[in-house]
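Peer 1: Structural data only, the sequence is not supplied:
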């Protein structure tokens, strides 16, 4: 009995990189200004998870 493994692409796509870099810049700026970034980090995680599907 053979098991076929699904090929997973864990490569960072250009879209992932753009999303991550944009959010990283905004989150860092807002954190240094003492602002709450909970919504930004939640949205970033949501976007990344949707894009990986």
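Peer 2: Yes, it's here. Quantities reported herein were computed from a predicted structural model and do not represent experimental measurements.

Peer 1: Below-threshold pLDDT in the chain: ranges please.
Peer 2: Scanning the chain for pLDDT under 70 picks out 1-12, 53.

Peer 1: Tell me the helix or strand right after the lengthiest helix in it.
Peer 2: Counting by DSSP state H, the longest helix found in the chain is helix 14-32. Per DSSP states H and E, the first helix or strand lying C-terminal to helix 14-32 is helix 38-52.

Peer 1: can you list contacts of that following helix?
Peer 2: Helix 38-52 has contacts (Cβ atoms under 8 Å, 6 or more residues apart in numbering) with 13, 15-16, 19-20, 23, 26-27, 30. (Glycine included, C-beta is placed from N, CA and C.)

Peer 1: again, only using 6 Å
Peer 2: By Cβ atoms under 6 Å, 6 or more residues apart in numbering, the residues outside helix 38-52 that reach it are 19, 23, 27.

Peer 1: Repeat that for stretch 13-31.
Peer 2: Contacts of stretch 13-31 (Cβ under 6 Å, 6+ apart): 37, 40, 44, 47.

Peer 1: what about burial for those, which qualify?
Peer 2: Among the contacts of stretch 13-31, the ones that count as buried by 16 or more other Cβ atoms under 10 Å are 37, 40, 44.

Peer 1: Switch these over to TSV, and while doing so, append distance to residue 51 to every line.
Peer 2: Shown next, in TSV, are the buried ones among the contacts of stretch 13-31 (distance: Cβ to Cβ, whole Å):
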residue	distance to residue 51
37	20
40	16
44	11
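
Peer 1: mind listing what's buried in stretch 19-26?
Peer 2: Here stretch 19-26 shows 19, 23 as buried, counting by 16+ other Cβ under 10 Å.
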